[in-house]
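1. could you look at this predicted model? Sequence included:
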Amino acid sequence: MRKPITVVSFWRALAPACLAVCLGCGGQVAVEGTVNYDGQPLPEGTIIFEPVDGRGSAASASIEAGRYKGSGDAATMPGEKIVRVRAMRKTGRKVAAGPPAPPGTMVDQIETYVPAIYASRQSPLRCELVAGKTNRHDFELKSSGQPTAR
């Protein structure tokens, strides 16, 4: 014989689903924009959005031809973010590959060329991501390490 459903058993069964929906409220938000370096679009790199309060996970997106778009798996949670940018480029020189490559193997030398301050937790770049709206943030990086607002 079936047990009758009581108000208490109904809410006990429904509570986990309600909690899951509420925790998802505000969910992940998409962010997009541009990254320029000394007035030119950054050819390629990575942009990282990290919570200022250190709570929660960071999200990153690829920068291509000065543009980035963080959505889907690259989306992040709403809130104030520290923005970090990393970019590397070939120097035009070849260097020994080293182990485990065979002896004599040469590879392109790569350098980080955006000032390290932009890739650190002390990055001067910040933004606020808001749920329920299009988040567009453009960043102007300078070789001096001092960004300008856009």
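-> Cool, the structure landed. Because the structure is predicted, anything quoted here is derived from the model rather than measured.
2. chain center to the host helix or strand of Gln109, what's the gap?
-> Gln109 is part of strand 106-112 when elements are defined by DSSP states H and E. Here strand 106-112 is found 25 Å from its chain centre; the criterion is Cα atoms, centre = their mean, to the nearest Å.
3. for it, packing partners?
-> strand 88-96 (3 or more Cβ pairs under 8 Å, 6 or more residues apart in numbering; DSSP states H and E). Just so you know, the C-beta spots here come from the backbone N, C-alpha and C atoms, and that holds for glycine as well.
4. direction included, what does the strand it packs on pair up with?
-> Strand 88-96 pairs in its sheet with strand 106-112 (antiparallel), by DSSP bridges.
5. got a list of what the residue nearest to Ala30 when sequence neighbours are not counted touches?
-> Leaving aside its sequence neighbours, Ala30 sits nearest to Ser71 (Cβ to Cβ, 6 or more residues apart in numbering; 3.9 Å). Shown in contact with Ser71 (Cβ atoms under 8 Å, 6 or more residues apart in numbering): 30-32.
6. repeat that for Ala87.
-> 37, 42-46, 63, 112-114.
7. kindly report the same for Glu64.
-> Taking Cβ under 8 Å, 6+ apart, one finds 43-44 in contact with Glu64.
8. start and end of stretch 135-144, how far apart?
-> Using Cα to Cα, to the nearest Å, the end-to-end distance of stretch 135-144 comes to 27 Å.
9. and if you look at stretch 37-45?
-> For stretch 37-45, the end-to-end distance is 11 Å (Cα to Cα).
10. buried sites along that stretch?
-> 37, 42, 45 (16 or more other Cβ atoms under 10 Å).
11. kindly reformat these as TSV containing secondary structure and distance to Gly98.
-> Formatted as TSV, those follow (DSSP: H, G, I helix; E, B strand; the rest coil; distance: Cβ to Cβ, whole Å):
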residue	secondary structure	distance to Gly98
Tyr37	strand	30
Leu42	coil	29
Gly45	strand	25
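12. take the residues you listed and lay them out in TSV including distance to Ala96 and pLDDT.
-> Shown next, in TSV, are the buried residues of stretch 37-45 (distance: Cβ to Cβ, whole Å; pLDDT from 0 to 100):
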residue	distance to Ala96	pLDDT
Tyr37	29	96
Leu42	29	96
Gly45	26	96
